[in-house]
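Undergrad: Structure, please.
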Amino acid sequence: MPEFNDVFNDIGEQDLPVLHLQMGSPDAFKVLLFQYYPEILSFAVMCLEDQLVARTVTLEVFFLLWERHADFDREKAIKAFLYLAVRNKCLHHLPAAGSRADLPPVTPAPSLPREMLRDIFDYTDRSNFFAC
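TA: Reported below is the predicted structural model:
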């Protein structure tokens, strides 16, 4: 069995939030969401050209990341997952991009603490990522 120092040296400092996420830390999830949300949201807006649908899709993907948190052991894998999942969800929403009526509400992961969900929704609702 590898020693902690061997694992630490192998994963690198940038993957520490990922290690904590893999172990189920909601705080690590929040750190990664705050780190990647603007970038992933911009990608979704570029694909959909609709900010409201892009925000919904982006949050859905982040909550999917939380549900599958144990599957990821590297930050590169998380970033690749986020881009691929957003792309796939955007492709699903492209035909209906003109109609927001059929856009389902974002369902947060039930295992995240309420206080954290409040912080996440405040961050995504109040932050104007598209201001010039």
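Undergrad: okay, CA-based contacts and neighbour counts for the rest of this
TA: OK.
Undergrad: Please compute how far the lengthiest helix in the chain lies from its chain's middle.
TA: Assignment by DSSP state H gives helix 26-48 as the longest helix of the chain. With Cα atoms, centre = their mean, to the nearest Å as the basis, helix 26-48 stands 5 Å off its chain's centre.
Undergrad: Just the buried positions in the next helix or strand after that helix, please.
TA: The C-terminal neighbour of helix 26-48 among helices and strands, as given by DSSP states H and E, is helix 51-67. For helix 51-67, a neighbour-count test (16 or more other Cα atoms under 10 Å) marks 53-67 as buried.
Undergrad: Tell me the one among those residues nearest to residue 76.
TA: Closest approach between those and residue 76, by Cα to Cα: residue 65, at 13.3 Å.
Undergrad: and stretch 64-73, how far out from the chain's middle?
TA: Distance, centroid of stretch 64-73 to centroid of chain: 10 Å (Cα atoms, centre = their mean).
Undergrad: wait, I meant stretch 59-77
TA: Centroid separation for stretch 59-77 versus its chain: 7 Å, with Cα atoms, centre = their mean.
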